[in-house]
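Student: Need a 3D model of the sequence below.
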Amino acid sequence: MRYLFSTGLIGAVTAGISLLRGTRETPITWRAVLAWVSWGITIALAIGAAIDMRREAKGVPVAADSPLAAQQSKRAQKDIKRVEKQLKAAQKR
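Tutor: Numbers count the residues shown, from 1 in each chain. Next up, the predicted model:
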């Protein structure tokens, strides 16, 4: 539920409402089309970010171009180092 109320998604929805109100009674021009395309890209990015946040929270790998990929990579490297330490400690016994 927290992913549905992310600031990016709320911002994209409110921008869409504002865009809808602003273009409701005006003729369709190339500027209006570009505004709607821009809004579509914004909503797609917001949904993608929410999906990445959920995947990261569950431990599922995210795409390499996601901002969360760096965090996952660092966490994986720490886990590898911890396991290596445990193996070395077990071998000394």
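
Student: drop to CA atoms for contacts and neighbour counts, all remaining ones
Tutor: OK.

Student: Touching, I43 and T14? I think so.
Tutor: No - I43 is not in contact with T14 according to Cα atoms under 8 Å; the separation is 10.5 Å.

Student: neighbour count winner among those two?
Tutor: I43 (20 against 11; other Cα atoms under 10 Å).

Student: Could you pull out the buried residues of whichever helix or strand that one is part of?
Tutor: Element membership for I43 (DSSP states H and E) is helix 30-58. Residues of helix 30-58 classed as buried by neighbour count (16 or more other Cα atoms under 10 Å): W36, W39, T42, I43, A46, I47, A49, A50, D52, M53, E56.

Student: what residues are up against A46?
Tutor: By Cα atoms under 8 Å, 6 or more residues apart in numbering, the residues touching A46 are G8, L9, A12.

Student: and the closest residue to the second one other than its chain neighbours, how far is that from G59?
Tutor: By that I understand L9. Sequence neighbours aside, A46 is the residue nearest to L9 in space, at 5.2 Å (criterion: Cα to Cα, 6 or more residues apart in numbering). Here the criterion is Cα to Cα, to the nearest Å. By it, A46 lies 20 Å from G59.
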